[in-house]
Structures are given as structure tokens and as C-alpha cells.
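Engineer: A structural model of the following input is requested.
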Amino acid sequence: MDSHASEASNRAADEEAVVRRVERLSLHVNPPPAFWSGLEMAACAGRARIEVDREKLSEYIRGKYTDVQLKVYEYFNSRPELQTPLEISKDEHRELCMRQMMGIVREAGIRPFRYVVEEPAKYFAIIEAVGSIDMSLGIKMGVQYSLWGGSVLNLGTKKHRDKYFERIDNLEYPGCFAMTELHHGSNVQGIQTVAKFDPITDEFIIDTPNDGAIKWWIGNAAVHGKFATVFAKLLLPTHDAKGASDMGVHAFIVPIRDMQTHEPLPGVEIHDCGHKIGLNGVDNGALRFQSVRIPRDNLLNRFGDVARDGKYTSSLPTINKRFAATLGELVGGRVGLAYSSVGVLKISVIIAVRYSLLRQQFGPPKQPEISILDYQSQQHKLMPMLASTYAFHFASSYLVDKYSETKKSKDEQLIGDVHALSSGLKAYITSYTAKSLSICREACGGHGYAAVNRFGSLRNDHDIFQTFEGDNTVLLQQVAGYLLKQYQEKFKGGTLSVTWNYLRQSMNTYLSQPNPVTARWEGSDHLRDPNFQLDAFRYRTSRLLQSAAVRLQKHSKTLGGFGAWNRCLNHILTLAESHIESVILAKFIDAVKNCPDENSRSALKLVCDLYALDRIWNDIGTYRNVDYIAPNKAKAIHKLTEYLSFQVKNIAKELVDAFELPDYVTRAPIGTQAPEEAYTLYTQYAGF
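Structural biologist: Predicted coordinates for the structure are as follows:
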């Protein structure tokens, strides 16, 4: 190439760079017009903004169970003696929690147990509402109805329902769920408690063979429980040298306290697990069994039964299938945790956003101070979090709907889909909420550290959500395992359920060579196109899935299956999180499209775009490494994300108000709906 040609080429490159800079500058000065479904971008400062009708937005997002939640809120507002004080001892908190539950059921007439199977969405709405009052109450009620009661309904048969339903429902039979052991939590198949059948007396004998098998962290056990659903290995006597045949893990109803004296029954040893980081209104205890005899009918026998002569029968042929069916019926607890975690995030975001709008600090010389939410750094902390809260709301509502379908259809593919989806959403949402609680506390400065403003108790109470009902790291592996199974099915021509059907395209559309032209598109209409956003999420997941499959196959030749999995574990966890983010975005996009009110739809579109582009920017290195997004496009995504955060800030008050949580539920002076009262309420706690 001669010097003239080289100079011309350099000039063309310089001109292209100048054009790009001008385009990016014009994005800030002149927001582009409508581009998708007639929606308009919110304007910058000094221009008209989206007008949000809070009532219409709230009506759309709140659903049909607002009335029962309001009934819970109003009951506690009318009973100040049942509201949890800031400072309370462990023992007092436990007794208060029991009185709160009694009040809800016996005074307010709200019976959650009736909805556990028949109308799960209503049950979860009630649990979210009571958890907003006191998270300990939400968990204690979940133990009573979802775990103890749910195990009787889902793992038992008609005889168990007839005998126990009414008394569990009215709290005459408070109970617990004894699965976790001192040495075994996530690995339920490894539990060591045994239930040996005695054909002479027609009884099962429950034994704790060693200290590692002590049932640990059992909610309701330390103080209030009278019954326990005990998970144990079912041993049947044989005439060979082994002496017993292990039929795998089964569930048994075991009375643990006398109905009149409330003393532990013979052979049942009960201890208190003591003071915890949070949730001290829940009486977690430890149980040891020494030759405790229970009737044969106390076996919850839906998936396996023992006859009078000791013969075992089951519709499922193997221990693994019976175990999978048993745990599959307990997925409701996981669904409830994901749903409730979103409720905790809502409270936290409401408080942080309202305070950030209220608190003024610094500003231009000789001018009034500005609110701290006007600072870009505060917007960066809180606006993607607010967007995520909306995203999680729609995703968890979708999960509840799919779970409700499983209770009616019993479709095996749907059950498997919901099992994996509940695992992933529970893990992803609870981890995000846990991190967000700390960010919200920091965003509110010193006043966020005051106990009365709730971040400390919310953070401590919620922290365990990441562990119980399945450790998050373990649950994400279940999601990845299901993804890999679906990936294999694709090559066999099998059908894929709706949540996973984009994997059909994973070897063509989503794994094709990135288009060098679209990789450079940086216009806001393209970046805010839901098709681009969803394709980007799914492209990442598909690449991770394909590379994980290749790596596992490679390492299994030398390390075996378990070794290969462990070698690729970080990759596997990233794959699971990527897939769950794709599902969340897809459900958010659907929610935007289905919103009937135009202004609410505009606001939700804005929030959805922020959620999507913030996630893409957070993992921009992955997209850059494979040239899916060119450098100029990456910069445009970053700038647009900051711009969208600013736009969402302009309607942040309406967005948090739409959650419709009364001040007497959020209970944080700095987060009150009436900003002029915030400091007055706050100082009153100090005695002014």
C-alpha cells in the first residue's frame, strides 16, 4: 500500500471514530425516539418524564392476593402487643412468635394450610405477608404448614390426611421437619437415622445410631413441637447374614412430646440449638432417638409401603427413584423461599430509595443541597437493584404459577422443570438479596446502621435463606445437571420443556460465529431491543453449556465422573447462574408486553432494559472474549446503562410505592412514604 492510500485509510478511520463520538454525545443531548412497541424512552433532566400511575402499576404487579395480604397487615396493625419490638430476648421472641401464629390462625381466621396443595399461590402470598411482619414468624409458619404439614399431605396418603389435617391446620398439632443431621445436610441420602421394622409388634423402631445422626437445626423442636416428620433409612429384617435390607430414605410421623404434659416422650431426647445470628423467634432444636417405637401406619407411604407381614411394595422400582420422588414433593419450600426473598428485597429497596430521595447532601456552590439519589454513584448502587427487584418479582410469580400447575397436572416433565427452576431461582435470588441488604445499609450511611431502620435485622434473618431448603451452591449444580441432561436430549431428538427450548438453537443461532456487523451496532434502539438482550443472555448460556459438556467429557476419561465434575465446578456454577438470568429476563420481557396500561408498560420497559444491560455490562469480558460485542458497543452499553439508571431514578418513588407496603409494615422511619415526617419519627425513637 502506498503512502497516499495509507493516509486515506487513516483519515477514514479517524472520520468513523469522530462520527461514533458525535452519535454517543447526541445520545445524551437528544434521547432517541420510540423504537419498540410504541414505548418512549424516559427523558433526561429538564425534559418531560414518564408519568406513572402508581395505582395502575400496582394493580398489575400485585396480583389477585392483595386482599389476604392486606388482611394480615391490618390484623397486626390492630394488635400492637403482637408486633415484634426492637429489643427482645430469644425466649421472649419464641413465645411471641407462637402467639403471633396463633393470632393469625385463630383470631384473624387466616388458615394457610388449606392452600398448601389446593391454592399454593395464595399460601405463598400469606407467607410473604407474615414474613414482612417478622421473618421468624414467616419461617415458623412455613415449618408448621409447608414442611411438617406439607410432608403429611404430599408424602402420606388419605389415612394420614384424615387423621392429621384439621389438627395441623388449627395448630393443635404443632410439628417439625426432622431431615437435617449433624453430619448430613445437603446429602440427604447419606443420613444415618434408621427405622427398623419389627414384624412381631407391627411397629417401626426409630434409632439415632451415633452422634453424627442427631437431627439438628430442627425448627419448632426446641420448645413447641409435639410431632416430627423424621427422615430415616427404612430397614426390613431379612433371614440372611446381613440381618436387614436397606430400602432407602423414607419419612415417618414420630410423636416427640406428651400432648398433656408437653414433656419429651420416652426415648426422645430434645436439646436447644441456642441463640442464632438471626431468626431467633424460631425454636431450632436437636433430636436424638433411642428405640422409639411408632405404629406401622406412621410411615408416610405414598411412594413405598410395608405390609403387616413385612413385605415392601412401591410403584417406583429403585431406591433412587423413590428418593427423587420424595424430594420432588418437597420443592414447595424452595419455591416459598425464592418468593419470600423477593419480599425481603422489596422492603430493603423501598427503605433505601425513599431515604436516598429524602437525604440531601452537598451540591453546587451557593445552591441548595441535592438528594443523594441525584448522585450517579448512588444511582449505580440502587437503580439496577430496583430493576432486579421487579425482574425477580415476575420470575418468582411465574415459578409459583408453574408449581401450582404441578399440583394439578402431575406431569413428570413439568415437575422436573419446576424442580430445576425452583433450585435455580431460590439460589440466585437469595444470594442477590443477601448482597443487596448490605449495599442498602451502606447506601443509607450511618442511619442505615440504626436497628430501628431494619437493615440489620433483615440482613441477619435473611442470611440463612442461602442455606436452608438446599445450599445455594448445591442447588446451582442441580440446575446445571438438568441443563446438561436437556442438552443430551437435544441430540436424541427428545422434547424440551418451554423453559429450556432455546437450547434447540444452541448449536446454530446461539453458537454461530458472531456477526462482525451486529457486534458493532451501538444505537440505543438496538441495545434496547428485547431480542438483542435475550439473544445475548442465551448466547452466553449456550456457549457455557457446550464448553462444559466438552470439558466434562474430556476430564471424565482420566478423572472419572465425580472428579471431572469437581474439576469443572466453577464453570458449572457460572452456567447455572447464566441460565437463570436468561429465564428471569424472558419472564420480565413477557410481563412488559402483557401490561395493559401504556404508561406502566413504558416504565416497566425502562426498568427491564436496565436489568438486561446492567447484567450484560457486568459480564462484558465474556462477550468481548468471543467478539460477540465489539469495544465501541461495550462502551455504548456502559453509557446507556448509566443513562437508564438516571431515567429510572426519575420514577423511583413511583416504582417503590407500587409495591404497596404500608409504613406500618416496612417500619423504618427513614423509609416512610411521607418524607416530611421521616426525621420526626426517627428522632422520636431517641426520645426527642
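
Engineer: how about the helices of the stretch 151-300 of the chain, start to end?
Structural biologist: Taking DSSP state H, counting those that start in this stretch as the criterion, the stretch 151-300 of the chain contains helices spanning 158-169.

Engineer: can you give me the offset of the helix of greatest length in the chain from its chain's centre?
Structural biologist: Longest helix in the chain by number of residues, with DSSP state H as the criterion: helix 530-567. With C-alpha atoms, centre = their mean, to the nearest Å as the basis, helix 530-567 stands 24 Å off its chain's centre.

Engineer: in that helix, what's buried?
Structural biologist: Across helix 530-567, burial judged by 16 or more other C-beta atoms under 10 Å covers 530, 532-546, 548-549, 552, 555-556, 564-565, 567. C-beta coordinates here come from the backbone N, C-alpha and C atoms, glycine included.

Engineer: beyond that helix, next helix or strand please.
Structural biologist: helix 569-594 (DSSP states H and E).

Engineer: that following helix vs helix 530-567, what angle?
Structural biologist: Relative orientation of helix 569-594 and helix 530-567, computed by axes from the mean of the first three to the mean of the last three C-alpha atoms, to 10 degrees: 160 degrees.

Engineer: now helix 569-594, how far from the centre of its chain.
Structural biologist: When distances are taken as C-alpha atoms, centre = their mean, helix 569-594 is centred 13 Å away from the chain's centroid.

Engineer: buried residues in it?
Structural biologist: In helix 569-594, counting by 16+ other C-beta under 10 Å, buried: 572-589, 591-592.

Engineer: stretch 155-170 too?
Structural biologist: 155, 156, 160, 163, 164, 165, 168, 169.

Engineer: what's the answer for stretch 171-181, then?
Structural biologist: In stretch 171-181, the ones that count as buried by 16+ other C-beta under 10 Å are 171, 173, 174, 175, 176, 177, 178, 179, 180, 181.

Engineer: start to end distance for stretch 150-168?
Structural biologist: Using C-alpha to C-alpha, to the nearest Å, one end of stretch 150-168 lies 10 Å from the other.

Engineer: tabulate the buried residues of stretch 171-181 (TSV), appending distance to residue 188 and pLDDT.
Structural biologist: Formatted as TSV, the buried residues of stretch 171-181 follow (distance: C-beta to C-beta, whole Å; pLDDT from 0 to 100):
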residue	distance to residue 188	pLDDT
171	28	97
173	24	98
174	24	98
175	19	98
176	16	97
177	12	96
178	12	96
179	6	95
180	8	94
181	9	94
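
Engineer: before we move on, back to that, the longest helix of the chain - contacts with which helices or strands?
Structural biologist: helix 472-491, helix 569-594, helix 598-618, helix 620-625 (3 or more C-beta pairs under 8 Å, 6 or more residues apart in numbering; DSSP states H and E).

Engineer: next, the angle from that helix to helix 472-491.
Structural biologist: Using the same axes, to 10 degrees: helix 530-567 against helix 472-491 is 110 degrees.

Engineer: could you check the angle helix 598-618 makes with helix 530-567?
Structural biologist: Using the same axes, to 10 degrees, helix 530-567 lies at 40 degrees relative to helix 598-618.

Engineer: helix 530-567 - what's its average pLDDT?
Structural biologist: What helix 530-567 shows for mean pLDDT is 92.

Engineer: can you check stretch 601-617 too?
Structural biologist: Computed over stretch 601-617, the average pLDDT equals 97.

Engineer: got the CA positions of that stretch in PDB?
Structural biologist: The C-alpha trace of stretch 601-617 is given here as PDB (Å, rounded to 0.1, in the frame of the first residue of the first chain):
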ATOM      1  CA  ARG A 601     -45.700  -0.500  30.300                       C
ATOM      2  CA  SER A 602     -43.300   2.300  29.400                       C
ATOM      3  CA  ALA A 603     -42.000   2.300  33.000                       C
ATOM      4  CA  LEU A 604     -41.600  -1.500  33.100                       C
ATOM      5  CA  LYS A 605     -39.800  -1.400  29.700                       C
ATOM      6  CA  LEU A 606     -37.300   1.100  31.100                       C
ATOM      7  CA  VAL A 607     -36.700  -1.000  34.200                       C
ATOM      8  CA  CYS A 608     -36.400  -4.200  32.100                       C
ATOM      9  CA  ASP A 609     -33.800  -2.600  29.800                       C
ATOM     10  CA  LEU A 610     -31.800  -1.500  32.800                       C
ATOM     11  CA  TYR A 611     -31.900  -5.100  34.200                       C
ATOM     12  CA  ALA A 612     -30.800  -6.600  30.900                       C
ATOM     13  CA  LEU A 613     -28.000  -4.100  30.000                       C
ATOM     14  CA  ASP A 614     -26.600  -4.000  33.600                       C
ATOM     15  CA  ARG A 615     -26.200  -7.800  33.500                       C
ATOM     16  CA  ILE A 616     -24.600  -7.700  30.100                       C
ATOM     17  CA  TRP A 617     -22.200  -5.000  31.200                       C
END
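
Engineer: and that stretch, how far out from the chain middle?
Structural biologist: 20 Å.

Engineer: burial measure for residue 182, as a count.
Structural biologist: Residue 182 has 17 neighbouring residues, counting by other C-beta atoms under 10 Å.

Engineer: ramachandran angles for it?
Structural biologist: Dihedral pair for residue 182: phi -60, psi -40, per degrees, to the nearest 10.

Engineer: that one and residue 214 touch, don't they?
Structural biologist: Yes - with contact defined as C-beta atoms under 8 Å, residue 182 counts as touching residue 214 (4.8 Å).

Engineer: what touches both of the two?
Structural biologist: residue 286 (C-beta atoms under 8 Å, 6 or more residues apart in numbering).

Engineer: residues contacting residue 634?
Structural biologist: Residue 634 touches 617, 620, 623, 624, counting by C-beta under 8 Å, 6+ apart.

Engineer: three-state assignment of it?
Structural biologist: helix (DSSP: H, G, I helix; E, B strand; the rest coil).

Engineer: what's the spacing between it and residue 627?
Structural biologist: 11 Å (C-beta to C-beta, to the nearest Å).

Engineer: residue 596 now?
Structural biologist: For residue 596, the distance to residue 627 - C-beta to C-beta - is 41 Å.

Engineer: looking at these two, which has the bigger crowd around it?
Structural biologist: residue 627 (14 against 9).

Engineer: right, and that one touches residue 516 too?
Structural biologist: Yes - the pair residue 627 / residue 516 is scored as a contact, 7.4 Å apart, by C-beta under 8 Å.

Engineer: separation between the nearest residue to residue 302 once chain neighbours are set aside and residue 656?
Structural biologist: Among residues not flanking residue 302 along the chain, residue 155 sits closest, at 5.3 Å (C-beta to C-beta, 6 or more residues apart in numbering). Going from residue 155 to residue 656 by C-beta to C-beta gives 41 Å.

Engineer: for residue 190, same thing?
Structural biologist: The spacing between residue 190 and residue 656, counted by C-beta to C-beta, is 45 Å.
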